[in-house]
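*Asks:* Generate a structure from the sequence data that follows.
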Amino acid sequence: MKYFKIVVVAVFALVALSAATVDNSPKPLGEKVLNAFKKNDVETYRSYYIKPEELKKELKQAVKQPFQMVDDDELIDDYTSKFENAGKMAFTRIRKEGENKGITWEKAELDYIQVPVVTVVKEVSQADVFIHFKYDGKAHIIKLKDCMHTPKRGWCLFGEVRFEKVPKQ
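*Replies:* Numbers count the residues shown, from 1 in each chain. This next block holds a predicted model:
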């Protein structure tokens, strides 16, 4: 019985530790992305994108079988070619659009992060993340489309990043 208790405590500790190291909410990703825009840090921003090998694992998890529809290498090459430079281009585009709206990024203030729905398909979590922030009294929203959760790094960027219209109040 003594050994059983030790094993239970050890397993509980490992589960608690893993839960602490991988964020189960996509909200911190939104905060990190806004901070990268504020600091004009494209490399940090790009590090938030899902890596091709992570994408491959997540898609295999979702399909739960070896790919029959698409060759693995073809999928990874397609992802890499589309998103390797897309991160830098999206970062530059969003910063420029913000400047055109009169935003001084360093002075932007996070209002809140909105995650309307987290969709889970065969253990793969995906969500849109809306970053609500203010600058000079005006509200702005950046949408992070199709963010994906990975077991090791938590939530990552995957889809399009764009400004959204702020609803009139």
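
*Asks:* Only C-alpha atoms from now on, for both contacts and neighbour counts.
*Replies:* Noted.

*Asks:* quick one: the helices in the protein?
*Replies:* For the chain, the helices defined by DSSP state H occupy 2-21, 27-39, 42-47, 52-63, 72-83, 86-100.

*Asks:* Give the buried residues for the shortest one.
*Replies:* Of the residues in helix 42-47, those buried under the neighbour-count criterion (16 or more other C-alpha atoms under 10 Å) are V42, Y45, R46.

*Asks:* pretty sure the last one contacts G87?
*Replies:* What it means is R46. Yes: R46 lies in contact with G87 (C-alpha atoms under 8 Å); the separation is 5.4 Å.

*Asks:* Let me have the buried residues of helix 42-47 in a markdown table, extended by distance to G30.
*Replies:* Output for those, formatted as a markdown table (distance: C-alpha to C-alpha, whole Å):
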| residue | distance to G30 |
| --- | --- |
| V42 | 15 |
| Y45 | 11 |
| R46 | 13 |
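
*Asks:* Flag the shaky bits of the chain, pLDDT-wise.
*Replies:* 1-23, 61-85, 169 (pLDDT under 70).

*Asks:* now with 80?
*Replies:* Applying pLDDT under 80 to the chain flags the ranges 1-23, 53, 55-86, 122, 169.

*Asks:* Centroid-nearest residue for it?
*Replies:* The residue lying closest to the centre of the chain (C-alpha atoms, centre = their mean) is C156, at 3.0 Å.

*Asks:* Mind listing the residues bridging to that residue?
*Replies:* Going by DSSP bridges, C156 is paired in beta bridges with M148.

*Asks:* likewise L110?
*Replies:* L110 has these beta-bridge partners by DSSP bridges: F133.

*Asks:* For it, which residues are in contact?
*Replies:* Taking C-alpha atoms under 8 Å, 6 or more residues apart in numbering, we find L110 in contact with E31, L34, I131, H132, F133, K134.
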